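Asks: One predicted model, sequence on top.
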Amino acid sequence: SQTIHQWPATLVQPVGSPLSLECTVEGTSNPNLYWYRQAAGRGLQLLFYSVGIGQISSEVPQNLSASRPQDRQFILSSKKLLLSDSGFYLCAWSGEFAEQFFGPGTRLTVL
Amino acid sequence: AQKITQTQPGMFVQEKEAVTLDCTYDTSDQSYGLFWYKQPSSGEMIFLIYQGSYDEQNATEGRYSLNFQKARKSANLVISASQLGDSAMYFCAMRARGSTLGRLYFGRGTQLTVWP
């Protein structure tokens, strides 16, 4: 069966520090992968999606970037965090009907 | 453009009763999919149910059913025999054929509270 992992689970970072969040998927090959952000009490905002290694598309211009160095690995990064980057970050992969299966998420607090 | 609307920010239901969570959508595509997700306080998004636009019957998954009314562009989630563990945020989402590689459009969610 397929599983999706994210780490770290929680993160507290100062403004201006770098960021690296990792997502890995097991049990499937060549998945579509997605990064979402959810602000407190809000819906989901799609940040990036990827259909293959090295192929990244951005939905929202911001100081975040994404990379896919391996088929089942998706990384979200920033060189300098902003206060507005605080939120809950979810990674997902898509299944047969394009339903998306989400990881457990990373709660990021920027101080 | 695709749009999902959930007009109920919060809903309350007594344990063992049924509850309906509303969802309307807007799309010009003929082929699309509709999804419901549950997000408990832990934060994880849990996929509940899927309905394809060409499916003639309403989708059901255990205590969850999707009341799909295509002409009205609504896809309401019905939870039967509510349980305390059903308390969570519920999101409706849509995928359209023209959307970017399976991208889902999410509504703002409905917070469901089940009381004993």
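Replies: All right, it came through fine.
Asks: quick one, what contacts residue A:4?
Replies: The neighbourhood of residue A:4, defined by C-beta atoms under 8 Å, 6 or more residues apart in numbering or on different chains, consists of A:23-26, A:91-93, A:101-103. Where you see a C-beta, it was placed from the backbone N, CA and C, and this is true even at glycine.
Asks: ok, and the closest non-adjacent residue to residue A:18?
Replies: What sits nearest to residue A:18 in space, not counting adjacent residues and going by C-beta to C-beta, 6 or more residues apart in numbering or on different chains, is residue A:79, at 5.7 Å.
Asks: now residue B:52
Replies: With C-beta to C-beta, 6+ apart as the criterion, residue B:52 has its nearest non-adjacent residue at 5.4 Å, and that residue is residue B:33.
Asks: CA atoms only for the strand or helix carrying that neighbour, dumped as CSV, please.
Replies: Secondary structure assigned from DSSP states H and E places residue B:33 in strand B:32-39. Output in CSV follows, covering the C-alpha atoms of strand B:32-39 (Å, rounded to 0.1, in the frame of the first residue of the first chain):
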residue,chain,number,x,y,z
TYR,B,32,-15.0,16.6,-13.5
GLY,B,33,-14.7,14.9,-10.1
LEU,B,34,-15.9,15.8,-6.7
PHE,B,35,-14.2,14.9,-3.4
TRP,B,36,-14.8,15.2,0.3
TYR,B,37,-12.0,15.3,2.9
LYS,B,38,-12.0,15.2,6.7
GLN,B,39,-9.4,17.1,8.7
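Asks: Quick check: buried residues in that strand?
Replies: The neighbour-count check on strand B:32-39 (16 or more other C-beta atoms under 10 Å in any protein chain shown) flags B:32-39 as buried.
Asks: and the next element down the chain from it?
Replies: Reading on from strand B:32-39 to the C-terminus, the next helix or strand found by DSSP H and E is strand B:46-52.
Asks: which strands and helices sit next to the helix or strand just after that following strand?
Replies: Sequence-wise, the next helix or strand beyond strand B:46-52 is strand B:60-61, with elements assigned using DSSP H and E. Applying 3 or more C-beta pairs under 8 Å, 6 or more residues apart in numbering or on different chains; DSSP states H and E, one finds that strand B:60-61 makes contact with strand B:46-52.
Asks: so how far is the strand it packs on from its chain's centroid?
Replies: Here strand B:46-52 shows a centroid-to-chain-centroid distance of 8 Å under the convention C-alpha atoms, centre = their mean, to the nearest Å.
Asks: Would you mind getting the angle between it and strand B:32-39?
Replies: Between the direction of strand B:46-52 and that of strand B:32-39, the angle (axes from the mean of the first three to the mean of the last three C-alpha atoms, to 10 degrees) works out to 160 degrees.
Asks: Parallel or antiparallel, which strands does the strand holding residue B:33 pair with?
Replies: For strand B:32-39, sheet partners with direction are given as strand B:46-52 (antiparallel), strand B:88-96 (antiparallel), following DSSP bridges.
Asks: Listing request: residues of the chain with sub-threshold pLDDT.
Replies: Going with chain A. By pLDDT under 70, the weakly predicted segments of chain A are A:61, A:96-97.
Asks: Actually, chain B is the one I wanted.
Replies: In the predicted model of chain B, residues B:97-102 satisfy pLDDT under 70.
Asks: which bits of it sit near chain A?
Replies: Within chain B, the positions near chain A by C-beta under 8 Å from any C-beta of the partner chain are B:33, B:35, B:37, B:42-47, B:50, B:52, B:91, B:95, B:100-104, B:106-109.
Asks: Thanks again, I'm all set now.
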